[in-house]
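K.L.:
this one's structure only:
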């Protein structure tokens, strides 16, 4: 089984609880994903967007438009990445992509 499965499960669980629930774990969760994806050139777009999201959340600024855009972009990148993922991760990555896009849409109001 893929070593990122527990990390993927934790991210999905946090997002399923809604953005308010995910906010508390967002910083460490995002930092963990950045570390996991480090050096993977195929997923550099996701890593870069995660860094933008991490910086925005860490700054304390509540620019919901920037957060919404970042979440939507991450959702799109994650859904695309699912196509080349291992079979056991594909469904969860599709689910995560949808959850990220939905979170971005909900912030746009």
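P.N.:
Here it is on my side, so go on. Computed from a predicted structure; not experimentally measured.

K.L.:
just the helices in this protein please.
P.N.:
Using DSSP state H, the helices of the chain run over residues 5-16, 19-37, 44-58, 64-82, 87-108.

K.L.:
helices and strands around the shortest one, which ones?
P.N.:
In this structure, helix 5-16 packs against helix 19-37, helix 87-108, with contacts taken as 3 or more C-beta pairs under 8 Å, 6 or more residues apart in numbering; DSSP states H and E. (Glycine included, C-beta is placed from N, CA and C.)

K.L.:
contact partners of that helix?
P.N.:
By C-beta atoms under 8 Å, 6 or more residues apart in numbering, the residues outside helix 5-16 that reach it are 2, 21-22, 25-26, 29, 32-33, 36, 88-89, 92-93, 95-96, 99-100, 103.

K.L.:
ditto for the second one
P.N.:
Taking contacts as C-beta under 8 Å, 6+ apart, the residues outside helix 19-37 that touch it are 4, 7, 10-11, 14-15, 43-44, 46-47, 50-51, 53-54, 57-58, 103, 106-107.

K.L.:
Just to check, residue 40 is in contact with residue 47?
P.N.:
Yes: with the criterion set as C-beta atoms under 8 Å, residue 40 and residue 47 qualify as a contacting pair; they are 7.2 Å apart.

K.L.:
ok, the two, which is more surrounded?
P.N.:
residue 47 (18 against 11; other C-beta atoms under 10 Å).

K.L.:
show me the contacts for that one.
P.N.:
Taking C-beta under 8 Å, 6+ apart, we find residue 47 in contact with 33-34, 37-38, 40.

K.L.:
who wins for most neighbours among these?
P.N.:
Of those, with other C-beta under 10 Å as the count, residue 33 tops at 22 neighbours.
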